[in-house]
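Predicted model follows, preceded by the sequence.
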Amino acid sequence: MKTILLILGGQIPAHNYAATTQILTEVLQRDGHAVRTATNAGAPDLDEAAAVVLFTDGDFFSDDAITRLKSFVESGGGLVTLHTAANTNINNPDIGPLVGSRVQGGVIVKHTAHIVDTDHPITHGLSDFELDDEIHDLKPLANYRTLIDAEMNGARQPLAYVKQTGQGRTVHLATGHAIAGVSNPQWQEIFRRAVNFVSG
């Protein structure tokens, strides 16, 4: 059994962080994980956590909390970031490269999630699926390996990618805006695999 720390919260009402926390907790508990949750960004307790799942927005963290999170990942901890985690604390120089991208825009639309890389453990054996959620136009801030993408305004945008940070692994899942998205069984399978991948 591994301990997974969920940190969710922010100012965007449509994200429904409380309901999303419950859904993600149930997915992870079915997979045999112990789950801790935190909404206080000041001092997240990273002790004993194998991985952190981050779904936040705005100026959520203190600079010290970001430094500790970066150190956690660089030392081998796992990190799964969801949706607007890529736009959290945009003035901090560390969290953008840690997540790997910044949001430049988005559109909520039904779309096909296209499996780009079928060789990776997160996507191996999976097929394209339909998703009703937000697609983000992402600006890369680090090198990453795209696993899933979708079309947005004539361009391909990553829905899931994986990157290395020091000794730790990060997976970013760009969707997650809507309950319809995080309730999708195919999305939940990818989320489950992502957590297992980054936590070793």
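Received it, and whenever you're ready, just let me know what you need. Everything quoted here is computed from the prediction, not taken from an experiment.

what pairs with the residue nearest the centre of the chain across the strands?
Centroid check for the chain by C-alpha atoms, centre = their mean gives residue 81 as the closest residue, at 2.2 Å. When assigned by DSSP bridges, residue 81 has beta-bridge partners residue 54, residue 172.

quick one, what contacts it?
By C-beta atoms under 8 Å, 6 or more residues apart in numbering, residue 81 lies in contact with 53, 54, 55, 99, 170, 171, 172, 173. To be clear about C-beta, it is placed using only N, CA and C from the backbone, and glycine gets the same treatment.

And for residue 98?
Shown in contact with residue 98 (C-beta under 8 Å, 6+ apart): 66, 69, 70, 73, 79, 165, 170.

Hmm, residue 45 and the second one touching each other?
Okay, so that is residue 69. No - contact criterion C-beta atoms under 8 Å: residue 69 and residue 45 do not qualify, at 11.6 Å.

Which element, helix or strand, includes residue 29?
Element membership for residue 29, per DSSP states H and E: helix 17-30.

If you count neighbours, what's buried in that helix?
Neighbour counts over helix 17-30 (16 or more other C-beta atoms under 10 Å) mark 17, 20, 21, 24, 25, 27, 28 as buried.

Now go through the contacts of residue 98 and say which are in helices.
Among the contacts of residue 98, the residues falling in helices (DSSP state H) are 66, 69, 70, 73.

Can you give me the neighbour number for the last one?
Using other C-beta atoms under 10 Å, the number of residues around residue 73 comes to 22.

how about the nearest residue to it, chain neighbours excluded?
In this structure, residue 73 finds its nearest non-sequential neighbour in residue 168, 3.8 Å apart by C-beta to C-beta, 6 or more residues apart in numbering.

on that earlier part again, present the contacts of residue 98 as JSON lines; the columns should include distance to residue 182 and pLDDT.
Below are the contacts of residue 98 laid out as JSON lines (distance: C-beta to C-beta, whole Å; pLDDT from 0 to 100):
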{"residue": "66", "distance to residue 182": "24", "pLDDT": "94"}
{"residue": "69", "distance to residue 182": "22", "pLDDT": "94"}
{"residue": "70", "distance to residue 182": "26", "pLDDT": "96"}
{"residue": "73", "distance to residue 182": "23", "pLDDT": "97"}
{"residue": "79", "distance to residue 182": "18", "pLDDT": "98"}
{"residue": "165", "distance to residue 182": "24", "pLDDT": "93"}
{"residue": "170", "distance to residue 182": "19", "pLDDT": "98"}
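
now those in a markdown table, with distance to residue 107?
Formatted as a markdown table, the contacts of residue 98 follow (distance: C-beta to C-beta, whole Å):
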| residue | distance to residue 107 |
| --- | --- |
| 66 | 28 |
| 69 | 29 |
| 70 | 31 |
| 73 | 30 |
| 79 | 26 |
| 165 | 29 |
| 170 | 25 |
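
List just the nearest of these to residue 122.
In terms of C-beta to C-beta, no member of the contacts of residue 98 lies closer to residue 122 than residue 170, at 12.2 Å.

What separation is there between the nearest residue to that closest one once chain neighbours are set aside and residue 151?
Spatial nearest neighbour of residue 170, chain neighbours left out: residue 79 (4.5 Å); criterion: C-beta to C-beta, 6+ apart. Separation of residue 79 from residue 151 (C-beta to C-beta, to the nearest Å): 27 Å.
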